[in-house]
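Participant: Quick one, fold the following:
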Amino acid sequence: MLRGTDLQTAEAWQARAAEKKPELSSLQRDYILASRKVATRRQRVTLAAVTLGLAVAVVLGAAAWLARNDAVDQANIASARLLAAQAELTNTQEGHLLLRGILLTIEAQQRLPFPSPETNKILRTGLVLHPTPLASLPHMEQVDDVVFSPNGKYLATASQDATARLWEVPSGDEAAAPMQLEAPVNDVFSPNGKYLATASDDNTSRVWEVPSGSEVTQIVILYCCEYYQFQS
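Facilitator: Next up, the predicted model:
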């Protein structure tokens, strides 16, 4: 049977011979036609084989991709469970590390491909136990003293910025203007909560009205006092 270039040449010669003498014999025409049928059948078989090979490659690629994703998921699950266990251990043993435990649990939850009851439980427990700041009480320098009033309505702070400040509880709003001194201070409330006393490194002790913050009196002392209190 004719193949490839030989078949193409024979078919071209057959097309030209139709207009010339002598014509091709029936045997020659049948031979060229049979060769074309065989070539067409061969092309179809080749195309089918290529298509089958491509389909097999796609299936194998998909299987490999699914296997890889499953392996990644399993690794993430194992890592997430480890982080969750670390978070639970942190929450149980170290109260001041609650925030770290919460962050570990969040990271574990993000690594899991599906919601986890374990991480949800640890996260809810950690958020309940973790203290939530109610207010920020700013000073320009380090705060050395913090004291609540007897009735719990006010909080006094004393700072190295040479001020004492009075704050409302729990809003954190400043109840009065800063009480200015010349040096770092300490403070203490009177038993009835109506007055606040401050002692400063400038050798003065002052008494302030609560909550107005107005200065009531000032006492000059020879030496800086580290301890003082109201007499009930």
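
Participant: helix, strand or coil for residue 144?
Facilitator: strand (DSSP: H, G, I helix; E, B strand; the rest coil).

Participant: wait, I meant residue 39
Facilitator: Using three-state DSSP, the three-state assignment for residue 39 comes out as helix.

Participant: How much space separates it from residue 192?
Facilitator: Distance, residue 39 to residue 192, by C-beta to C-beta, to the nearest Å: 113 Å. The way it works is simple: take the backbone N, C-alpha and C, and place the C-beta from them, glycine included.

Participant: More neighbours: the two, which one.
Facilitator: Between residue 39 and residue 192, residue 39 has the larger neighbour count (other C-beta atoms under 10 Å), namely 16 against 12.

Participant: Read off the pLDDT value for that one.
Facilitator: In this prediction, residue 39 carries a pLDDT score of 72.

Participant: when you give positions from now on, start the count at 27
Facilitator: Let's use 27 as the start, then, which means that last one is residue 65.

Participant: tell me the domain boundaries of the chain?
Facilitator: Annotated domains of the chain cover 27-156, 169-246 [automatic domain parsing].

Participant: How many neighbouring residues does residue 165 have?
Facilitator: Under the neighbour criterion other C-beta under 10 Å, residue 165 is assigned a count of 17.

Participant: Leaving out chain neighbours, which residue sits closest to it?
Facilitator: Ranked by C-beta to C-beta, 6 or more residues apart in numbering and with sequence neighbours excluded, the top spatial neighbour of residue 165 is residue 185, at 3.9 Å.

Participant: surely that neighbour meets residue 164?
Facilitator: No: at 9.5 Å, residue 185 does not count as touching residue 164 under the criterion of C-beta atoms under 8 Å.
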